[in-house]
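A.B. asks: Sequence and computational prediction follow.
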Amino acid sequence: MDRILFGDNQFFGINHMSEEKARAQAIRFADIRKIIDLLDVAYDSGIHVFMCTTHDRIAELCAHVRAHPERYSKLEFYPCMPYAHKYANAVTEHGMIEALKRFLPAEGALSALVRGSVSVATRDVEGMARLLIDAEMKMFSGLRTPVIFLQNVVTDLLLGMGIKDAFRIFADHVRDRYNAEPGFITMNMPRLLDVLEEIGLENPIVCANINKLGFRMCGGIDLYEKVIASRKFRPVAMSVLASGAIDPREAIEYVCSQKTIESIVFGASSKSNILNTKRLIDEHSVA
Amino acid sequence: MLNVGLIGLGKMGLSHLAIVNAHPEAKLIGICDTASYMCSILRKYTGIEVFSNYREMLDQKSLDAVIIATPSRFHGEMVREALLRGLHVFCEKPFCLAAADGIALAELADRKGVVNQVGYHYRFVGAFNEAKRLLDAQALGRIHHLRVEAYGPVVLRPKGGTWRAKSSEGGGCLHDYACHAIDIVNYLVGRPDAVSGTVLNKIFSRDVDDEVYATLHFADGMTGMIAANWSDDSLRRMSTQVTLWGTNGRMIVDRQEVKTFIRGEASAGVAEQGWDIRHTTDFHRDVWYYLRGEEYSAQLDYFLRCIAEGRRENISSFASAVQTDCVVSAMLQDAGRAWRRVDSGSRSPAQSRTGSGLLSLVTGALK
């Protein structure tokens, strides 16, 4: 994985500190051109990975990249699926089954499920999961996606419920069908590592909040530091600036001081913030 | 270790399932839903025993507590059955569609001496608790007006077939969104004594309201406005904001921020003078498991701790949730009542307080 990954929260009205700021950003990036411009800034500064949600608007961006292959010859996408609000809102509006129907290309697996014989065949559920992954991946067709992440709301829902097999299903399909490495985003890193180890996923890519403030690091900052230093996995740090609550230099120093952290993902909505953060990471990443 | 059962495996039910299952002091030993596909998947992949009939689960499993996350119209009956078996109960909001049922259940829970809680999770949001601390310390002086707004994207098209689209099941923006807004107001400043000017409008739904507006009247002359609209997809999820005006300043609070403007000299050391903005990172508390927001974990942790520690008071008890149901009930009764026509100015002023003509046709259609 690259050292620096460019994130996309800022483009879709997601800001963990302020709804006002989130809205201002959503307005600012209403025009896809503005998103492209910023992605170009990141790309030209040497950040060649865009880690992005499978939001409908990313499809527009993908189309743009496909149309300009020379311009983006080194660009890779790390898709993060699913864009959960799309599903959550559909479930609220249509109910669980109807919502699933809307997102599944074929009805075979689903109708077997809904007919509701008390025993559901494993292959039905797994088949459905694979179809959902494929549906999310459609927008990246023809683009490079060497790492594919499961979003934290799904990872942590499955983790909490104890549906451990799901991680294996995801990992297998991502490897087999997309020749990609599976990644898992979580707010509960130590617990997830236990489960991934239990199901035999070796050296997994795990993306979690890692920041000096201990913000949304379930289990506590001490445990995180210990786990990062001692366990065999490939950590990706997100929320390193805790949505701006930490001074950037301090924030990057903290993350870079933990040598086993492989990559850092950050989002920024201005050219200067992108360049500054990139420079700080480069400075502190010199071996 | 507490043995917990869960009834209802919709969106909230699944969220509760994950959170409780991950709790170090709770064991989820039974789950229940009428949707067999959901039950069979969960039994297969989680190993938790599943039931299609909640009474069977309550009778067969040795439970300490039950979480009820079904469509609202079932709450009353299920809560009663659980209470009669001496179980501690966590029930999703809104509590009961008929306030009288809720009052009886709050009394029953009290007599049984069990922990009782309703899922008004805003009461567990750090920013709202900071707002409450400031208000209790009189940082704004005497509050004379407030505005509470809740907007988000639930119903965006005429179609849609879940229980949330049926008024008989407790659907509608009033029961879904507005009750959160009412409850956070009750929590912050106390329950209004009266409501007026209630508007329940349909935008896309056939059977239920999609937007709700009303004026709230409080004991000491304080007034408030409530606005809720679940057909607003300019936001990606429900967003609730409370603004309060007092003799010493103004406060704007939502899930993520507390903004205060305190008039000079008035702050008395409680808050900064002038504008001061603080963020969720300033008052967030660690939870043992994070799913969608600290508050969802914190409310269930609080429920379980109240049981473990034998505490009977609760910051979102049945009794407090009934107060919210009572406001909802008042709004339903108020909706579409008297109004004053606008005088065109050309003839003698209209005398009637009751609408007529086009306006009453519109209200009639809304009833």
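C.D. replies: Great, that's in hand. Because the structure is a prediction, the values reported are computed rather than measured.

A.B. asks: hang on, A:I133 packs against A:H173?
C.D. replies: Yes - assessed by C-beta atoms under 8 Å, A:I133 is found in contact with A:H173 at 5.5 Å. C-beta coordinates here come from the backbone N, C-alpha and C atoms, glycine included.

A.B. asks: where in the stretch 251-367 of chain B is pLDDT low?
C.D. replies: B:265-269, B:346-367 (pLDDT under 70).

A.B. asks: Enumerate every residue touching residue 283.
C.D. replies: Since no chain was named, I'll use chain A. A:I252 (C-beta atoms under 8 Å, 6 or more residues apart in numbering or on different chains).

A.B. asks: oops, I was thinking of chain B
C.D. replies: By C-beta under 8 Å, 6+ apart, the contact list for B:F283 reads B:G126, B:A127, B:N129, B:E130.

A.B. asks: ok, so of the residues you listed, who is nearest chain A?
C.D. replies: B:A127 (10.7 Å; C-beta to the nearest C-beta).

A.B. asks: Let me know how buried that closest one is, in neighbour terms.
C.D. replies: 23 (other C-beta atoms under 10 Å in any protein chain shown).

A.B. asks: which residue sits closest to B:N53 in space, ignoring its chain neighbours?
C.D. replies: Once flanking residues are discounted, B:N53 sits nearest to B:C32: 7.3 Å by C-beta to C-beta, 6 or more residues apart in numbering or on different chains.

A.B. asks: still on that earlier bit, counting neighbours, which of the contacts of B:F283 comes out on top?
C.D. replies: Going by other C-beta under 10 Å, B:A127 tops the contacts of B:F283 with 23 neighbours.

A.B. asks: Quick one: residues contacting it.
C.D. replies: B:A127 neighbours (C-beta under 8 Å, 6+ apart): B:V253, B:D254, B:R255, B:Q256, B:E257, B:V258, B:T280, B:F283.

A.B. asks: now it, nearest residue through space, not along the chain?
C.D. replies: Nearest non-adjacent residue to B:A127, counting by C-beta to C-beta, 6+ apart: B:V258, 5.2 Å away.

A.B. asks: Next, give phi and psi for that neighbour.
C.D. replies: Backbone torsions for B:V258, taken as degrees, to the nearest 10, come to phi -120, psi 120.

A.B. asks: picking that back up, ok, what's across the strand from the residue nearest to B:N53?
C.D. replies: Bridge pairing for B:C32 (DSSP bridges) gives the partners B:I7, B:F51.

A.B. asks: quick one: pLDDT of the residue of the stretch 101-250 of chain A found nearest chain B?
C.D. replies: Closest approach of the stretch 101-250 of chain A to chain B (C-beta to the nearest C-beta) occurs at A:G160, with a separation of 2.7 Å. pLDDT recorded at A:G160 is 96.

A.B. asks: do the one 10 residues further on as well
C.D. replies: Reported pLDDT at A:F170 in the predicted model: 97.

A.B. asks: which stretches of chain A form strands?
C.D. replies: Counting by DSSP state E, chain A has strands at residues A:4-6, A:49-53, A:76-81, A:147-150, A:181-186, A:205-209, A:234-238, A:263-266.

A.B. asks: Could you do chain B as well?
C.D. replies: B:2-7, B:26-32, B:50-51, B:65-68, B:88-91, B:116-118, B:143-151, B:194-201, B:211-217, B:223-229, B:239-246, B:249-253, B:257-262, B:274-279.

A.B. asks: so what does the second one touch, helix or strand wise?
C.D. replies: Applying 3 or more C-beta pairs under 8 Å, 6 or more residues apart in numbering or on different chains; DSSP states H and E, one finds that strand B:26-32 contacts strand B:2-7, helix B:11-21, helix B:36-46, strand B:50-51, helix B:54-60.

A.B. asks: same check, this time on the third one
C.D. replies: Judged by 3+ C-beta pairs under 8 Å, 6+ apart, the packing partners of strand B:50-51 are strand B:26-32, helix B:36-46.

A.B. asks: swap in the first one?
C.D. replies: Secondary-structure packing of strand B:2-7 (3+ C-beta pairs under 8 Å, 6+ apart): helix B:11-21, strand B:26-32, helix B:54-60, strand B:65-68, helix B:294-308.

A.B. asks: Let me know how buried B:E107 is, in neighbour terms.
C.D. replies: For B:E107, the neighbour count with other C-beta under 10 Å is 13.

A.B. asks: Specify the residue ranges that define each domain of chain B.
C.D. replies: B:2-114, B:123-283 (automatic domain parsing).

A.B. asks: Might you report the residue contacts of residue 90?
C.D. replies: I'll assume chain A. By C-beta under 8 Å, 6+ apart, the neighbours of A:A90 are A:E98, A:A99, A:R102, A:F103.

A.B. asks: wait, chain B
C.D. replies: The contact partners of B:F90, taken as C-beta under 8 Å, 6+ apart, are B:H16, B:A65, B:V66, B:I67, B:I68, B:N116, B:Q117, B:V118, B:G119, B:L300, B:F303.

A.B. asks: and A:D222, how many neighbours?
C.D. replies: There are 10 residues near A:D222, going by other C-beta under 10 Å.

A.B. asks: Would you check how far apart it and B:S316 are?
C.D. replies: According to C-beta to C-beta, to the nearest Å, A:D222 stands 31 Å off from B:S316.

A.B. asks: from the middle of its chain, how far away would stretch A:20-38 be?
C.D. replies: Using C-alpha atoms, centre = their mean, to the nearest Å, the mean C-alpha position of stretch A:20-38 is found 19 Å from that of the whole chain.
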